[in-house]
Structures are given as structure tokens and as C-alpha cells.
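Q: quick one: sequence plus predicted model below, questions after.
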Amino acid sequence: MISKKMTEALNKQINAELFSAYLYQAMSAWLSWKNLNGFAKWFTLQAQEEQSHAMKIYEYVNDQGERVILEAIDAPQTDYASVKAVAEEQLKHEKKVTALINNLVKLAREEKDVATEIFLQWFISEQVEEERNAEEIINKLEMIGDKGPGMYMLDKEMGARE
Ligand SMILES: [Fe+2]
Ligand SMILES: [Fe+2]
């Protein structure tokens, strides 16, 4: 059993994960438009991963016998100044998500809700990975300078993600 307050907070997090999916799909659309098909593929896969994060929480709320309520998803940013601007926005967004997950853990602890605290541990580790991924992309873009042959190679590398 989980509290009403926790249920509401988890429903909010489902929305945040779905927004992440929508944001990364919008980034992918912009990258396709810029003919960066490797980057576009990477961000589409990332959008799918975010959808699966939402579903993990969705199933947990169901398993706890509480009700999932899906609300409107905000419109994502559609225009970017550069590929680096995309990656910087990704990092900024993931830091926000990390803070949201940390707040959920805090609430679980306040409520002595051990089940939810343990459930959230996976997300804590996942956020370390997500921030590192975004940082790596920024570092690589800084190395190659966002254009030319380096960009061609990096786009290929990004497209190798399965
Ligand atoms: Fe996520
Ligand atoms: Fe991930």
C-alpha cells in the first residue's frame, strides 16, 4: 500500500518521463531535419527508453492497487541553435529529472514507505547513467567542434546505438 500523496507524486513522475520521451523525440525530429541520422536514431531510442521509464512507474502504481491518471504532456522545445545546444538541453533536463527522483526518495523516506524507496533505487542509478551519457555527448562535440569530418564520424558512432 502506498499513500495518496505518494500516488500523486508517482503519477506526476509518469508525466515527467513521458515529457522526457516527447522532448527527445522532438530533438530526434530536429536532428533528422538536419540530416544527422545517427544522432536522430540515438534520440529516438532515448525517447523509447523514457517511455519505458514511465511504464515502470505505471506498473508499480498498478501493482500497489492505486490508480494511474495520465495528464496532458507539455509541448517540447522544437528549435535548436546547434547539435551542442540539443545535448546541453538534454543534460539540463536530466539534471531536473534527477532532482525529481531525489524528491520522490525523500517523500518515501518521510512516509517510511520502504517498498517505494527500494523501487526508486533503480531510477537513482539510471539517472547517474543518463547524466553521464549527456555529458559524454557534449564532451565529444567540444572535441570535434560541431562540424566537418568529425561530425560525420560522431553521427556514425551515435547511429551504432542498438
Ligand atoms: Fe527517465
Ligand atoms: Fe538510460
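A: Everything's here; your move. Ligands and ions are numbered 1, 2, ... in the order given.
Q: now residue 98: how far from residue 27?
A: 19 Å (CB to CB, to the nearest Å). Backbone N, C-alpha and C define where each C-beta goes, glycine included.
Q: which one's more surrounded, these two?
A: Relative neighbour count places residue 27 above the other of residue 98 and residue 27, with 28 against 17, counting by other CB atoms under 10 Å.
Q: is it true that that one touches residue 88?
A: No - counting by CB atoms under 8 Å, residue 27 sits too far from residue 88 to count as a contact (11.3 Å).
Q: which SSE is whatever residue of the chain ends up closest to ligand 1 in?
A: Residue nearest to ligand 1 within the chain (CB to the ion): residue 53, separated by 3.7 Å. Following DSSP states H and E, the helix or strand that holds residue 53 is helix 37-63.
Q: check residue 81 and give its pLDDT.
A: Looking at residue 81, its pLDDT stands at 97.
Q: go on, the one 4 residues further on?
A: According to the model's per-residue confidence, residue 85 sits at a pLDDT of 97.
Q: that one: neighbouring residues, count only.
A: Residue 85: 16 surrounding residues under other CB under 10 Å.
Q: try residue 139
A: 10.
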